[in-house]
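> This is a predicted model, with the sequence first.
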Amino acid sequence: MSETPTGGVQPGAPIGPIAFLGLGHMGGPMAVNLVKAGYTVTGYDLVPAALEAARAHGIATADTAADAVAGAAVVLTMLPSGKHLLDAYRGTSGGPGQQGQPGLLAAARPGTMFLDCSTINVDEAREASALAVEAGHRAVDAPVSGGVVGAEAGTLTFMVGADPDDFEAVRPMLEVMGKRVVHCGAHGAGQAAKICNNMILGISMIAVSEAFVLGEKLGLTHQALFDVASAASGQCWALTTNCPVPGPVPTSPANRDYQPGFAGALMAKDLKLALNALESTGVAAQLGPMASEIYDTFAAEGGAGRDFSGIITDIRDKSEQPRGQA
């Protein structure tokens with residue numbers, strides 16, 4: 001996608017400079033893959049260690065977010081929450097005696113493509129897109145699935161909410177970072193697909209974990225249950241890729257003491273987003289809210305930094321307690 005006279009991008013042509021804001025566990029490897037593919041990337045992160053790691057992998061860095069954005073054709077954000085994103089777009093005034101931060105929308109050239117890969121509330125994604133368009137820019141929401149392993153390997157799935165032309169404009173760079181890129185609909189549709197998907201994932205991991213603990217109680221080996229369920233109607237990603245017990249899937253986090261992976265705190269966050277959407281739409285869901293409560297407790301009781309499949313250890317521990325005390 002080539003730069004237009006106003007600094008934006010056009011579908012089907014080579015893309016111009018990219019500002020990548022948020023170089024953490026996910027964003028850092030994604031930015032590295034863009035650089036390896038020949039894209040010009042300038043990164044920024046509030047954490048000095050993230051900037052140092054980015055430079056070590058050949059990513060140019062800027063002193064401020066506004067500096068990174070100033071010459072970019074695309075501004076890619078990977079931020080912790082919708083509030084972080086909206087504050088970054090608008091800028092912050094700062095408290096008494098403090099200097100505020102300029103907004104990214106004001107710092108960018110007209111027609112810049114704002115591509116957000118954060119996972120946030122659907123309403124926040126739509127608000128961010130509206131702000132970008134009102135400021136004379138273009139907007140795409142494209143949250144990801146696949147975790148740190150997928151970010152490093154360039155095998156992420158991108159769920160995209162955008163106008164068709166904008167989707168085609170960013171598709172080539174998304175295909176560098178992922179193996180599957182799905183246009184889900186208009187602004188906010190990418191976030192909608194992400195939270196629906198992760199609600200399924202959270203519920204299914206709890207179900208798989210409960211089944212393995214039940215199997216243990218009934219005398220089944222982990223391998224026997226896996227061999228049956230992985231080839232029968234119980235088959236799912238939580239079982240065949242992220243199996244919560246060590247052994248059957250050697251690459252699953254269970255084989256490295258539940259090092260993430262996809263951390264319990266992130267699953268709790270995504271299920272909270274799903275819960276917000278369920279409540280706002282009036283869906284009569286039962287398992288989604290229950291999964292959100294289970295992962296909230298798991299994260300609060302030591303599971304925040306463990307892989308979300310570590311929920312099996314919580315289920316197993318509580319299964320050893322007398323009835324009524326779990």
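Thanks, I have the structure now.

> Assign a three-state SS to Glu216, would you?
helix (DSSP: H, G, I helix; E, B strand; the rest coil).

> check contacts around it.
By C-beta atoms under 8 Å, 6 or more residues apart in numbering, the contact set of Glu216 is His222, Arg316. Just so you know, the C-beta spots here come from the backbone N, C-alpha and C atoms, and that holds for glycine as well.

> where's it relative to Cys236, distance?
Distance of Glu216 to Cys236, given as C-beta to C-beta, to the nearest Å: 19 Å.

> likewise Ser252?
13 Å.

> between the two, which one's more packed in?
Comparing Ser252 with Cys236 by neighbour count (other C-beta atoms under 10 Å), the higher total belongs to Ser252, at 22 against 18.

> how about the strands in the chain?
Assigned by DSSP state E, the chain shows strands spanning 18-21, 41-44, 60-61, 74-77, 91-92, 101-102, 113-116, 138-141, 144-145, 156-161, 178-185.

> correct me, but Ala72 touches Pro17?
Yes: between Ala72 and Pro17 there is a contact under C-beta atoms under 8 Å: 5.1 Å.

> tell me, what's touching these two both at once?
In contact with both Ala72 and Pro17: Thr42, using C-beta under 8 Å, 6+ apart.

> Of the two, give the one with the bigger neighbour count.
Ranked by neighbour count (other C-beta under 10 Å), Ala72 and Pro17 place Ala72 first, with 27 against 19.

> Name the nearest residue to the more buried one, ignoring sequence neighbours.
Ala19 (3.8 Å; C-beta to C-beta, 6 or more residues apart in numbering).

> wait, what's in contact with the one you found?
Per C-beta under 8 Å, 6+ apart, neighbours of Ala19: Val41, Thr42, Gly43, Tyr44, Ala62, Ala65, Ala68, Val69, Ala72, Val74, Val75, Leu76.

> Also Ala285?
Leu278.

> again, but for Leu174
Ala142, Phe158, Val160, Val181.

> How about Ala65?
Ala19, Leu21, Tyr44, Ala88, Gln101, Leu104, Ala107.

> before we move on, what about Lys194?
Applying C-beta under 8 Å, 6+ apart, the residues near Lys194 are Thr119, Pro143, Val144, Ser145, Met159, Asp270.

> Now it. Nearest residue, chain neighbours left out?
Closest to Lys194 by C-beta to C-beta, 6+ apart is Pro143, at 4.0 Å.

> Please apply the same query to Pro289.
Nearest to Pro289 is Leu275, by C-beta to C-beta, 6+ apart, at 5.7 Å.

> Okay, the one you found and Asn121: tell me how far apart.
11 Å.

> and what of Ala66?
In terms of C-beta to C-beta, Ala66 sits 25 Å off from Asn121.

> Likewise for Ala169?
Counting by C-beta to C-beta, the gap from Ala169 to Asn121 is 25 Å.

> what do you get for Ala162?
Ala162 is 18 Å from Asn121, by C-beta to C-beta.

> Just the pLDDT for the residue nearest to Ala72.
pLDDT recorded at Ala19 is 97.

> Beta-bridge partners for it, please?
Thr42, Val75 (DSSP bridges).

> My read is that the residue nearest to Pro289 contacts Met290, right?
No: shown here, Leu275 and Met290 do not form a contact pair, counting by C-beta under 8 Å, at 10.1 Å.

> Compare those two (neighbour count), which wins?
Per other C-beta under 10 Å, whichever of Leu275 and Met290 has more neighbours is Leu275, with 19 against 14.

> do you know how far the more buried one is from Pro80?
18 Å.

> how many neighbours does Thr241 have?
Other residues close to Thr241 by other C-beta under 10 Å number 11.
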